[in-house]
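# Here is my input; please provide its structure:
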Amino acid sequence: MPKDPLDVAITNDLIGQVNIASAESLTYVRHASPQFGAYAGLANNERSRPAARIAYQGMVKGFLKVQNWAKDSLATTGWLTPGTDGPGLVDTNLAAMRRYLELVYDKSFFEGEELRPLEEWYARFQKLPWWEALEERTDAHMPELKFTVEDVGS
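Numbering: from 1, shown residues only. So this is what the prediction gives:
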């Protein structure tokens, strides 16, 4: 967590934006994926292509806001959290969300040229010394919340 009050405020705004983008991503996959829609209790006839498209656009806009708001920090330190010299709260929040979506849907959610800085940031995050050990853990999720793309269908 940064120490400067302005950096703390920016960090909180960035985390809020990560949360908004996360909510949009879940709305997107609920409507785009029949398997996840069913898993989430959404009947097939209740799924909506326009809702999926709007949520996808909202998700991308959210990621772009995070990327833009963290532009200076990303350029100077390589991390999203301002006022830190390594990964901070914003980094861990976004990396956790990105990895979860990747595991469940087997898809990158930082696609396209406009989100390339976030994809590069995520690749750098995965090279942190503790990442590999974290990936190998079997107790990372509570059993009630653990599912993968195989559980909901591909």
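# Please make it C-alpha for all contacts and neighbour counts, starting now.
Noted.
# Let me see the contact set for Gly37.
The neighbours of Gly37, taking Cα atoms under 8 Å, 6 or more residues apart in numbering as the test, are 29-31, 43-44, 47.
# let's see 10 Å
Gly37 makes contact with 26-31, 43-44, 46-47, 152, according to Cα atoms under 10 Å, 6 or more residues apart in numbering.
# Quick one: buried ones out of these?
Neighbour-count burial (16 or more other Cα atoms under 10 Å) applied to the contacts of Gly37 gives 26-31, 47, 152.
# So which of the residues you listed belong to helices?
Secondary structure from DSSP state H places 26-31, 152 of the buried ones among the contacts of Gly37 in helices.
# ok, Gln67 touching Leu14?
Yes: the criterion here is Cα atoms under 10 Å, and Gln67 meets it with Leu14 at 9.2 Å.
# more crowded one of these two?
The neighbour comparison of Gln67 against Leu14 (other Cα atoms under 10 Å) goes to Leu14, with 27 against 21.
# Apart from its neighbours in sequence, what residue is nearest the more buried one?
Nearest-residue entry for Leu14: Val66, 5.9 Å, with adjacent residues in sequence omitted and distances by Cα to Cα, 6 or more residues apart in numbering.
# Perfect, that will be all.
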